[in-house]
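Pasted the sequence and its predicted model underneath.
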Amino acid sequence: MKFLVIQFSWILFNPLLILYLTLFCNRNQRTFRPKKSTPSGSKGAQLRKHIDATLGSGNLREAVKLPPGEDLNEWLAVNTVDFFNQVNLLYGTLTEFCTPENCRTMSAGPKYEYRWADGVQIKKPIEVSAPKYVEYLMDWIESQLDDESIFPQKLGSPFPPNFKEVVKTIFKRLFRVYAHIYHSHFQKIVSLKEEAHLNTCFKHFILFTCEFGLIDKKELAPLQEIIETIIIPY
Ligand SMILES: [Zn+2]
């Protein structure tokens, strides 16, 4: 019994073990960001319920439409948070495969390569590995979602005049993560049996994008064929 107590206290107070656990937790924190909660208080929660209900019906084309009488900015805000969470989860399953060694640049097939610039700290675009690019990109989106002057949390707080422009930039950047996943990691997605889930998330994302004109056509070029198969059958 005494031996067991000693063993237990060794585990509790072993500094190396504590250090390891801290590093492990921090590593996971970077890989899996906490899910963002819905903005705009109770109004946001109400719109969230509407999204769940319409998605449950299986009709994505209906699910993306602005519900009658609702505010467009509120609708864009709630959905932007949702799409950010979806991409975060999808990419999170690939982090052990999307490494600086495997993906030296943020590419979307042989013809497209993205360089990172946020226009504030990094003005001249820099070439970084895909995981670094995605880290910059998701950090940037998170900072926009956390900025209450852009995504107000309180009911009735005004949205900034450039709100749609910010949303458009967020969507343009989220699209690049999809483009990289489809071009560089699709086989892995298939082996993880996530193909149907990825396709449904992307279809929802693209239908929403088209409904509100959020991404320029030339930006969509790397996944044009997949997009056509989503849009044309309707
Ligand atoms: Zn990759």
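It's in.

So what does residue 106 have for phi and psi?
For residue 106, the backbone dihedrals are phi -90, psi 90 (criterion: degrees, to the nearest 10).

Setting aside sequence-adjacent positions, which residue approaches it most closely?
Leaving out its chain neighbours, the residue that sits closest to residue 106 by Cβ to Cβ, 6 or more residues apart in numbering is residue 133, at 3.7 Å. Glycine gets a C-beta too; all of them are placed from N, C-alpha and C.

In this structure that neighbour contacts residue 108, no?
No: between residue 133 and residue 108 there is no contact, the gap being 11.1 Å when judged by Cβ atoms under 8 Å.

a strand runs through the residue nearest to residue 106, doesn't it?
No: note on residue 133: no strand contains this position according to DSSP: H, G, I helix; E, B strand; the rest coil, which reports helix.

Against the ion, how distant is residue 194?
Residue 194 sits 15 Å away from the ion, taking Cβ to the ion, to the nearest Å as the criterion.

For that residue, the count of nearby residues, please.
Residue 194 is flanked by 18 other residues according to other Cβ atoms under 10 Å.

Contacts only, for it.
Neighbour list for residue 194: 90, 93 [criterion: Cβ atoms under 8 Å, 6 or more residues apart in numbering].

Which pLDDT value belongs to it?
What the model reports for residue 194 is a pLDDT of 92.

now do residue 28
Residue 28 is assigned 39 on the pLDDT scale.

Likewise for the one 5 residues further on?
The model reports residue 33 with a pLDDT of 66.

and if you look at residue 61?
At residue 61, the predicted lDDT confidence score is 89.

That one contacts residue 208, doesn't it?
No: here residue 61 does not reach residue 208: they are 10.0 Å apart, not a contact under Cβ under 8 Å.

Which one's more surrounded, those two?
When residue 61 is set against residue 208 and neighbours are counted by other Cβ under 10 Å, the residue ahead is residue 208, at 21 against 14.

Can you find the helix or strand in this protein with the smallest mean pLDDT?
Counting by mean pLDDT, DSSP states H and E, the chain has its least confident helix or strand at helix 15-31, which shows a mean of 42.
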